[in-house]
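> what follows is a predicted structure for the sequence shown.
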Amino acid sequence: MSAMDTAVSQNATVAAAPAGAGSGSGGLASLLPEVQTVELLVAVSIFVAIHSLRQRRTQGLPTWPLVGMLPSLLLGLRGDMYEWITGVLKARGGTFTFRGPWFTNLQCVVTADPRNLEHLLKTRFGSFPKGPYFRDTVRDLLGDGIFGADDEVWRRQRKAASLEFHSAEFRALTASSLVELVHRRLLPVLADAEASGGGGAAVDLQDVLLRLTFDNVCMIAFGVDPGCLRPGLPEIPFARAFEDATEATTIRFITPTAVWRAMRALGVGHERVLQRCLAGVDEFAYDVIRRRKEELAAEAAGRGRSDLLTVFTKMRDEDGRPYTDKFLRDICVNFILAGRDTSSVALAWFFWLLGRNPGVEAKIVEEIEGIVAARKEAAAGREVEEEELVFRPEEVKRMEYLHAALSEALRLYPSVPVDHKEVVEDEVFPDGTVLKKGTKVIYAMYSMGRMESIWGDDCREYKPERWLRDGRFMSESAYKFTAFNGGPRLCLGKDFAYYQMKFAASSILHRYRVHVVDGHPVAPKLALTMYMKHGLKVTLTKRDKTKL
Ligand code: HEM
């Protein structure tokens, strides 16, 4: 508790004293119990009001004895949690210490200051690992995979995966799997939606995009297509188990550690759900691993496959032994978690923003049509059929305005809205915040996009132009635009994610106008990823090329 908190608590005790003195007068108290209760309530209310006002003015939010800042947090949870954090961060100059009740694991420092971000993600990287708290919480789902790992276990996976992500085979695999999914699955599903009903049936675009990226990342990690985006949008047991296991794991972060551990031991509540779903995830993963090993043994070298499972199955650990099935499972599950919904939710927010900014949509379509026109010109007058219109990697690369529009959507709606580290030795942030060993640090990407001090007075406006110089996309410092993290743990899939988002968005926008259904409620869901709470209900109409 700070000096200010202590001072306010002492004042409060003094203010409450007259009520206490009344109760000490024996018989009078028993004669007038109602009056005393009313007095007490009035005194407490006055204390609450004064305390709250004073602390809100001086510190952004009040701290209470025993329960700390929990009441403010609960009030924040009733509305938009991310906006609440942003408000507090602004009031406190970019960083604040959250004090939860003594019995919870909710004590942490929250920051949105780029100087602090650079310090923790790069300059003092070694002092800010994911840490044992995060690892223990996610271990049942993620095992020793890259997301929760630190030190050598992380370094080895990062190095191997990084080599793979930059290889020509991997680029070819990602490009071909995307063409297959977008043209054989996504576009037919959207065409069905457009054709059914009078003005087209409403479809949940977020759900469709989540299916697209889930299938896509499974093809990259496991080399298999689970088929979530098949016609009729079937429910796939592995996808459902994965989603529910992730949600049950997330609940652990807001449950005291001792409580979820006890629930796990007893097999009750969300821990029971987690156990059931993990069994589903493992069944799928171990089955694919077994079949891949058989395939590789038969083919001797496993020619033609460049998915992560194949690459890691052929590798050896530092003692020259093949990786265990458990480790292979962990690697694949972590990549699926990393890549399954980050790009799809970003695309969902992007399409929603386009609906509110038709001028931006018009510029994107103009850019796409310029590329299509260049293709037609190169075909020397020959008519280019719509089916042939599969954007090529070099064309996707030329979509600079689209790149800027997606970056701008991620600035305002980062797929990972807040992230977490744990400090392993005493540290001091560049802004002067003192961090004791073991402190949890939350960095608030969502809030960073809404800081006038970082982006200027128009920070809440959707303006792709802020990313362009002379029509060319210019990247920003990773400590200012933190959607992909920064430093040694920069997102490994960043280039692929941009390619995937640009390819899917341009393929849709070239063919359809996307209309968000009138009155559809849009709000972020409280989760590790920035889903739209109610999905994104849209209708589609064919783009009339004559009006371009
Ligand atoms: C718009 C899309 C994406 C966004 C905004 C995004 C964002 C992020 C962020 C914030 C992190 C840091 C997470 C943490 O350490 O807690 C991260 C890490 C990572 N991302 Fe992405 N990501 C995206 C797409 C992808 C895709 C498609 C893949 C893979 C197919 C991927 C693979 C990874 C991996 C492997 C890591 C862990 C890196 C490490 O710890 O060394 N990401 N990403």
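Yes, it's here.
> for the residue of the stretch 401-548 of the chain found nearest the ligand, give me phi and psi.
Sorted by distance to the ligand under CB to the nearest ligand atom, the residues of the stretch 401-548 of the chain start with Gly493, at 2.2 Å. From N, CA and C alone the C-beta is placed, and that goes for glycine too. Phi and psi for Gly493, reported as degrees, to the nearest 10, are phi -100, psi 20.
> correct me, but it touches Ser162?
No. In this structure, Gly493 is not within contact of Ser162 by CB atoms under 8 Å, at 10.8 Å.
> looking at the two, which is more packed in?
Neighbours around Gly493 and Ser162, counted as other CB atoms under 10 Å, are more numerous at Gly493. The numbers are 20 against 11.
> pLDDT score assigned to the more buried one?
pLDDT for Gly493: 94.
> OK, contacts around the nearest residue to it once chain neighbours are set aside?
The shortest distance from Gly493 to any non-neighbouring residue, by CB to CB, 6 or more residues apart in numbering, is to Gly339 (5.3 Å). By CB atoms under 8 Å, 6 or more residues apart in numbering, Gly339 lies in contact with Thr213, Asn216, Val217, Ile220, Ala221, Gly493, Phe496, Ala497.
> where's Gly339, which helix or strand?
In this assignment (DSSP states H and E), Gly339 forms part of helix 325-340.
> neighbours of Gly267, how many?
Neighbour count of Gly267, defined by other CB under 10 Å: 11.
> tell me the phi and psi of Val441?
Here Val441 shows phi and psi, under degrees, to the nearest 10, equal to phi -120, psi 130.
> and the nearest residue to Thr249 once chain neighbours are set aside, how far is that from Ala245?
Closest residue in space to Thr249, ignoring its immediate chain neighbours: Leu141 at 4.8 Å, by CB to CB, 6+ apart. From Leu141 across to Ala245, the span is 5 Å (CB to CB, to the nearest Å).
> who touches both of these two?
Leu274, Leu278, Val281.
> how much space separates the second one from Leu142?
Plainly put, Leu278 is 11 Å away from Leu142 if you go by CB to CB.
> which positions in the helix holding Gly339 come out as buried?
Burial within helix 325-340, assessed by neighbour count using 16 or more other CB atoms under 10 Å, is assigned to 327-340.
> chain center to the longest helix along the chain: distance?
When the chain is parsed with DSSP state H, its longest helix is helix 269-299. Chain-centre distance of helix 269-299: 25 Å, with CA atoms, centre = their mean, to the nearest Å.
> again with stretch 245-258
16 Å.
> how about that stretch, does it reach the ligand?
No. Judged by CB under 6 Å from any ligand atom, stretch 245-258 and the ligand are separated, with a smallest distance of 12.5 Å.
> again, but for stretch 216-236
Yes. Using CB under 6 Å from any ligand atom, stretch 216-236 reaches the ligand at Val217, Ile220.
> could I get that stretch in PDB with only the CA atoms?
Taking C-alpha atoms only, stretch 216-236 is exported to PDB below (Å, rounded to 0.1, in the frame of the first residue of the first chain):
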ATOM      1  CA  ASN A 216      -4.500 -23.500 -42.600                       C
ATOM      2  CA  VAL A 217      -2.300 -23.700 -39.500                       C
ATOM      3  CA  CYS A 218      -3.000 -27.500 -39.100                       C
ATOM      4  CA  MET A 219      -1.800 -28.000 -42.700                       C
ATOM      5  CA  ILE A 220       1.400 -26.100 -41.700                       C
ATOM      6  CA  ALA A 221       2.000 -27.700 -38.300                       C
ATOM      7  CA  PHE A 222       0.700 -31.300 -38.900                       C
ATOM      8  CA  GLY A 223       0.500 -31.400 -42.700                       C
ATOM      9  CA  VAL A 224      -3.200 -32.500 -42.400                       C
ATOM     10  CA  ASP A 225      -6.400 -30.600 -43.200                       C
ATOM     11  CA  PRO A 226      -9.000 -31.000 -40.500                       C
ATOM     12  CA  GLY A 227     -11.700 -29.700 -42.800                       C
ATOM     13  CA  CYS A 228     -13.400 -27.100 -40.600                       C
ATOM     14  CA  LEU A 229     -14.200 -25.000 -43.800                       C
ATOM     15  CA  ARG A 230     -15.900 -27.800 -45.700                       C
ATOM     16  CA  PRO A 231     -19.400 -27.000 -47.200                       C
ATOM     17  CA  GLY A 232     -22.000 -26.900 -44.400                       C
ATOM     18  CA  LEU A 233     -19.300 -25.800 -41.900                       C
ATOM     19  CA  PRO A 234     -19.200 -29.100 -39.900                       C
ATOM     20  CA  GLU A 235     -18.200 -29.300 -36.300                       C
ATOM     21  CA  ILE A 236     -14.800 -31.000 -36.100                       C
END
